[in-house]
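# Next comes the sequence, and after it the predicted model I'd like to discuss.
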Amino acid sequence: MTAIPKHPDFCHRPLVTDIPAVSVAGLPAALRAFCHRPLSYRLNHLQSRYDVAFDGYSYPGQEDSRNQGPEDRLHSFVFSDFSPQEKYPPEFQAFISTCWAPLCRQVHALEQSLLLALGLAPVASQHQRHFGHMMSANYYPAGNPVQPGSSPLRLSAHPDVSLLTVFVQGLGHGFQYRDPTGCWRDAPVTHTVTVFAGELLEWLSDGTVPALRHRVRQQPNDSERFSFALFSLPQPGASLHSIAGATISTEDWYRLHLSQWDDTGYSRQDISRP
Ligand SMILES: O=C(O)CCC(=O)C(=O)O
Ligand SMILES: [Fe+2]
């Protein structure tokens, strides 16, 4: 097991573990196949059809996705512990039946040891009792050469809604994170499980462990790109307590996280206390 650095190490860059990339079996092919189905088929699986956490499909240019902006150049399909398996499209059924439970068990154990190593036992105990997982399976189609004046990003800068985000297959080309001085840095491409803090860890630790801002930049010859991010999230209806004693429900947490995109589009503000 990787030696887990204490903060500030963990706070300011992704943690590259020595845990080999976890198999997601046929998920890339299934995701590509789903994204190549006619739009009318894909629209049957929008987030509005699930109405649970972030579950469902988002497409490039979509104005009302809960997990990406209209300028972002990817398709994402989010599935989680919180919707019944049969609601997901047939393309993902094999992955969910065979890989989902062992993947989440392995990641749960990693998250527990990380939270304990960070000295956050009260957060670890809530994670043990009240958390599940969602996967954002992301597909960036090839092409899209940079147009003059257009954003050089494939995915705009953001912090994640999660407690922790675990890239089960490591980080791909173009992943950048913001360092404490505000500079954007290229992360190395990694082939082992790679983890960083989401905004819920920042909230529950009262700012001690800040969320890592990150984005995906374009590359000169953008090829097809996949990423598989496993987010730890509280179960619907859970009540969460920060170390200093602030309380928030799962649903209010989502509202608070999403409120940073209200009115001002995608400009970021620091997450505030209720
Ligand atoms: O595609 C990537 O490498 C980043 C994806 C990401 O940040 C996300 O799913 O929240
Ligand atoms: Fe992210």
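Looks like it arrived, so ask away. Residues are numbered from 1 along each chain as shown. Ligands and ions are numbered 1, 2, ... in the order given.

# Correct me if wrong, but residue 41 is in a strand.
No - secondary structure assignment (DSSP: H, G, I helix; E, B strand; the rest coil) places residue 41 in helix, not in a strand.

# neighbours around it, how many?
Look at residue 41: counted by other Cβ atoms under 10 Å, it has 12 neighbours. (C-beta placed from N, C-alpha, C; glycine too.)

# Would you mind measuring from it to residue 16?
Here the criterion is Cβ to Cβ, to the nearest Å. By it, residue 41 lies 38 Å from residue 16.

# go on, residue 188?
Here the distance between residue 188 and residue 16 works out to 7 Å (Cβ to Cβ).

# In terms of neighbours, single out the busier of those two.
Neighbours per residue (other Cβ under 10 Å) separate residue 188 from residue 16, with residue 16 holding more: 18 against 13.

# for that one, what are its contacts?
By Cβ atoms under 8 Å, 6 or more residues apart in numbering, the contact set of residue 16 is 170, 188, 190, 192, 194.

# Who are the contact partners of the first one?
With contact set as Cβ under 8 Å, 6+ apart, residue 170 has these partners: 16, 21, 189, 190, 191, 192, 193, 194.

# again, 10 Å this time
If a contact means Cβ atoms under 10 Å, 6 or more residues apart in numbering, then residue 170 has 14, 16-17, 19-22, 187-194, 227-228 as its contacts.

# what's the answer for the last one, then?
Each residue near residue 194 by Cβ under 10 Å, 6+ apart is listed here: 14-17, 19, 21, 165-171, 175, 187-188, 229.

# Now with 6 Å, please.
With Cβ atoms under 6 Å, 6 or more residues apart in numbering as the criterion, the residues that contact residue 194 are 14, 16, 167, 170, 171.

# quick one: it from residue 163, how far?
As defined by Cβ to Cβ, residue 194 lies at a distance of 16 Å from residue 163.

# Pull the number of nearby residues for the residue of the stretch 51-200 of the chain found nearest ligand 1.
The nearest approach of the stretch 51-200 of the chain to ligand 1 comes at residue 136, 3.9 Å away (Cβ to the nearest ligand atom). Using other Cβ under 10 Å, the number of residues around residue 136 comes to 22.

# swap in residue 24?
By other Cβ under 10 Å, the residues close to residue 24 number 20.

# Which of the helices or strands spans it?
Assigned by DSSP states H and E, residue 24 falls within no helix or strand.

# same check, this time on residue 28
helix 27-35.

# so, in contact with ligand 1 or not, that helix?
No - with Cβ under 6 Å from any ligand atom as the threshold, helix 27-35 lies outside contact range of ligand 1, at a closest distance of 12.2 Å.

# and residue 123, backbone torsions?
phi -70, psi -40 (degrees, to the nearest 10).
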